[in-house]
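# This is a predicted model, with the sequence first.
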Amino acid sequence: GAVVSQHPSRVICKSGTSVKIECRSLDFQATTMFWYRQFPKQSLMLMATSNEGSKATYEQGVEKDKFLINHASLTLSTLTVTSAHPEDSSFYICSARDFRGAQHFGDGTRLSIL
Amino acid sequence: GDSVTQMEGPVTLSEEAFLTINCTYTATGYPSLFWYVQYPGEGLQLLLKATKADDKGSNKGFEATYRKETTSFHLEKGSVQVSDSAVYFCALSDTGANSKLTFGKGITLSVRP
């Protein structure tokens, strides 16, 4: 089946650091990938839609300069949290949409900012 | 806009008990409906789905029927196992080339031996 690899699975870093998270579709091409943020015991909040070869579409209230998204190929999207602060600590999940329209999710990245 | 409402949790059951998790939705048009499961520390896995009214999705003993008249997609399982302990999310997807998933808040299920 379709596999999405998300890396790293866990990051702990100091305040002010920029952190890059990768999302790869391993056995299919994905023109569209999604980035979600999940707060403890809460639902997934869609942050942005990443489109290969074009700018990402951000949801209302998400700072595009804070959360940089790059979708340079049909199998890779990256999310960079710039100058991260403790309030950015969260669980970030990506998904990739296949040609049938189904979304396949990565295992998530636990980001902890000290 | 589209929205998904799930019953409040958490839910704790004994092994082999019957499970029902309620889910209702609000959407324009004819969305597809999904149940996703999230095991501790992991991402989401698709559990089952239904794409049109009266469709029944099923997987691993779980079932849910797309009820357009009541705008519901309740998840059921006749006999839960300890391994079913996880967080369950109901979701809908609008149709079209730019379809996106809208998730409910999720509900934590704990199954006791």
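Perfect, I can see it now.

# Now do the spatially most central residue of chain A against B:Asp55, distance only.
Residue closest to the mean C-alpha point of chain A, counted by CA atoms, centre = their mean, is A:Trp35 at 3.8 Å. Distance, A:Trp35 to B:Asp55, using CB to CB, to the nearest Å: 29 Å. C-betas here are computed from N, CA, C, even on glycine.

# hmm, back to that, now name the helix or strand holding the residue nearest to the centre of chain A.
strand A:32-38 (DSSP states H and E).

# Which positions within whichever helix or strand comes after that strand qualify as buried?
Going down the chain from strand A:32-38, the next helix or strand is strand A:44-51, by DSSP H and E. The neighbour-count check on strand A:44-51 (16 or more other CB atoms under 10 Å in any protein chain shown) flags A:44, A:46-51 as buried.

# Format these as CSV; extra columns: pLDDT.
Below are those laid out as CSV (pLDDT from 0 to 100):
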residue, pLDDT
A:Leu44, 87
A:Leu46, 93
A:Met47, 95
A:Ala48, 95
A:Thr49, 94
A:Ser50, 91
A:Asn51, 87
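
# quick check, nearest of the residues you listed to chain B?
When the buried residues of strand A:44-51 are compared for distance to chain B (CB to the nearest CB), A:Leu44 comes out closest, at 4.9 Å.

# Quick one: residues contacting the closest one.
A:36-38, A:93, B:44, B:89, B:103 (CB atoms under 8 Å, 6 or more residues apart in numbering or on different chains).
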